[in-house]
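Asks: Sequence unavailable; structure follows:
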């Protein structure tokens, strides 16, 4: 099913609508597995790491991705440990086999939906969108790093 729409200029609203629509699709899959979006992001970061990380290292990375408060991300890490998807190995966290298997199932379930969502979009359009979104992220990160203005 291919739908064409009149192209609106990209802006914060269009970006937010696209993000929340795609996130809604993912969260529907995550809910079937008892995971939240934040838990999935954190578990994925732990699994993708080259080596096991300390909880503080993992929290720092996830905070950068989610722009969330450190205490919130620490709570998510604790939830994943409680669900036995992450485990402490000395002072470092490591993904458990159950965590790896769960993320693999979620990835496999979302793959066909993602393929349908992204199918038919021209490579040059994806490249242009990627450049614009990278610039928006860079600028937003700079704003977040700057002192808050009154």
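Replies: The structure has been received and is ready for your questions. Here the structure is a predicted model, which means the values were calculated and not measured.

Asks: The residue most central in space within the chain: which element?
Replies: By CA atoms, centre = their mean, the chain has its centre lying nearest to residue 41, at 4.5 Å. Using DSSP states H and E, the element containing residue 41 is helix 37-48.

Asks: ditto for residue 16
Replies: Applying DSSP H and E as the criterion places residue 16 in helix 12-32.

Asks: Show me the contact partners of that helix.
Replies: Residues outside helix 12-32 that contact it (CB atoms under 8 Å, 6 or more residues apart in numbering): 8, 36, 37, 39, 40, 106, 109, 110, 113, 117, 133, 136. Placement of C-beta: from N, CA and C, glycine included.

Asks: Residue 52: which of the residues you listed is nearest?
Replies: residue 39 (18.0 Å; CB to CB).

Asks: show me what contacts that closest one?
Replies: Neighbours of residue 39 in contact, by CB under 8 Å, 6+ apart: 30, 76, 79, 80, 83, 85.

Asks: correct me, but residue 62 touches residue 72?
Replies: No. Using CB atoms under 8 Å, residue 62 makes no contact with residue 72, being 9.4 Å away.

Asks: Counting neighbours, go ahead and name the busier of those two.
Replies: Taking neighbours as other CB atoms under 10 Å, residue 62 and residue 72 compare with residue 62 leading, 24 against 13.

Asks: quick one on the thing from earlier: surely the residue nearest to the centre of the chain touches residue 65?
Replies: Yes. Counting by CB under 8 Å, residue 41 does reach residue 65; the two are 5.9 Å apart.

Asks: what about stretch 92-110, average pLDDT?
Replies: With pLDDT averaged residue by residue, stretch 92-110 scores 97.

Asks: Check stretch 121-128 too.
Replies: Mean predicted confidence for stretch 121-128 is 96.

Asks: re the thing from before, same list, the contacts of helix 12-32, but as a markdown table with distance to residue 95 please.
Replies: Formatted as a markdown table, the contacts of helix 12-32 follow (distance: CB to CB, whole Å):
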| residue | distance to residue 95 |
| --- | --- |
| 8 | 41 |
| 36 | 17 |
| 37 | 18 |
| 39 | 12 |
| 40 | 12 |
| 106 | 13 |
| 109 | 19 |
| 110 | 18 |
| 113 | 24 |
| 117 | 27 |
| 133 | 28 |
| 136 | 31 |
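
Asks: No further questions, thank you.
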